[in-house]
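Next come a sequence and a model predicted from it.
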Amino acid sequence: MTESKLNHSLPAVAALALAVLVSAVTLSVFTACAAPQEMPMQEVTFAVMGNTSPASPFTGQAEKLEYVFKMLNRDNPMLVIHTGDIIQGGNESMGITLKDVVRQYENFQTQKKVLRPILHILAGEKDLYNGSLSLFTRYTREKLYYSFNYGNAHFILLHVINKNHRLSPEQKSWLKRDLEINREHGPIFVLSHYPIMAPPQAGTRYDDGEELHVLFKQYPVKAVIAGNTRALYEFEKDGIRYAAAGCFGYTYEDWHWSYNQYYLVGYDGAKVSIRGMRVNFPANSYRPKIMKDEPGKK
């Protein structure tokens, strides 16, 4: 190549090199922006409570519940899940009237206004009136079973209030679809009123327990928590933590120092922890108050 042709070619070569360089830089920046970033696991912390019904369907309310809500505000969990039994329901044949049940639901709605974290509520068997949960759904505005995402965690709330601890066929089909849809979302937590699995030492087998456990093992289910008992029991099976996080002691009659009023559940990306919380009530809260409509009040 002659010197003249070489001199004419240099600008073109330089321009081509510059274009390649700009394209490479642009592609690198675009790729860095478009590629999914590996986010560090954020700790999941939520609270579980339940059995907050009044001592009687006829008089009073869960007098200590509002103070428990204030303590939950102090701990500041990302959300609170109530596992059921917010009232003392029953049937008209027991002398329980519609007015008795409505009053209890309205009292609970008033008390829960103190609580700052988001509250999700499952139905318990005590929340039934004349065999129906229509008042529960009307006053709580909750579905009987559903799921939701919060942060990088997925929560499934199951409706289990029958004594054989079984899911309806419709709910079981829904559960399978929900688990599959949320397979990649993050850690999954399942909550119910009655437990799905009993501890091995109990010698009890619930109808759907093993089938559901096999299902849970196929997904990132980290804990399955129920709440109809008055105490805590927990065990682990195939890497899944099962627990009955029982609570009690929200009224003057029911309080005892050995009961937990709520639990703080934590997941750090490797293990689940469940810590029972016993509220230190003010001294004057131990003295029962006579309610205006209590029999014998003069």
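Ah, there it is.

make it CA atoms for all contacts and neighbour counts henceforth
Fine.

And residue 98, its phi and psi?
Torsion angles at residue 98 (phi, psi; degrees, to the nearest 10) stand at phi -60, psi -40.

nope, residue 189 is what I was after
Residue torsions, per degrees, to the nearest 10, at residue 189 are phi -120, psi 130.

Can you report how many residues lie near it?
For residue 189, the neighbour count with other Cα atoms under 10 Å is 19.

Check what pLDDT it gets.
With respect to pLDDT, residue 189 scores 98.

what about residue 120, is that helix, strand or coil?
For residue 120, the secondary structure call by DSSP: H, G, I helix; E, B strand; the rest coil comes out as strand.

from memory it sits against residue 82, does it?
Yes. At 6.1 Å, residue 120 and residue 82 qualify as touching, with contact defined as Cα atoms under 8 Å.

Of the two, which one has the most company?
Comparing residue 120 with residue 82 by other Cα under 10 Å, the one with more neighbours is residue 82, at 24 against 17.

In the stretch 1-150 of the chain, mark out all the helices, start to finish.
3-34, 65-75, 98-111, 134-140 (DSSP state H, counting those that start in this stretch).

any idea which of those helices scores lowest on pLDDT?
Confidence, taken as mean pLDDT, is least for helix 3-34 of the helices of the stretch 1-150 of the chain (a mean of 42).

Where do the strands of the chain begin and end?
Ranges of strands in the chain, per DSSP state E, are 44-49, 79-82, 118-121, 146-150, 153-157, 188-191, 221-226, 232-237, 240-245, 262-267, 272-277.

winner for burial among those strands?
Mean neighbours per residue, mean count of other Cα atoms under 10 Å, is largest over these for strand 221-226, with a mean of 25.

same for that one, what does it pack against?
For strand 221-226, the elements it packs on are strand 188-191, strand 240-245, judged by 3 or more Cα pairs under 8 Å, 6 or more residues apart in numbering; DSSP states H and E.

Paired strands for it, with orientation please.
Strand 221-226 has the following strand partners under DSSP bridges: strand 188-191 (parallel), strand 240-245 (parallel).

Output the ones you listed as JSON lines; include the columns distance to residue 107.
What follows is the strands paired with strand 221-226, written out as JSON lines (distance: least, Cα to Cα, whole Å):
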{"stretch": "strand 188-191", "distance to residue 107": "25"}
{"stretch": "strand 240-245", "distance to residue 107": "24"}
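
pLDDT wise, what is the most centrally placed residue in the chain at?
Geometric centre of the chain, nearest residue: residue 81, 4.1 Å, by Cα atoms, centre = their mean. Turning to residue 81, the model gives it a pLDDT of 98.

Same question for the one 3 residues further on.
Among the per-residue scores, residue 84 shows a pLDDT of 97.

residue contacts, it?
50-52, 121-127, 193, 227-228 (Cα atoms under 8 Å, 6 or more residues apart in numbering).

okay, now residue 99: neighbour count?
Residue crowding around residue 99 was assessed by other Cα under 10 Å; the count is 9.

again, but for the one 4 residues further on
Residue 103 has 17 neighbours, counted by other Cα under 10 Å.

For it, give its distance to residue 85.
15 Å (Cα to Cα, to the nearest Å).
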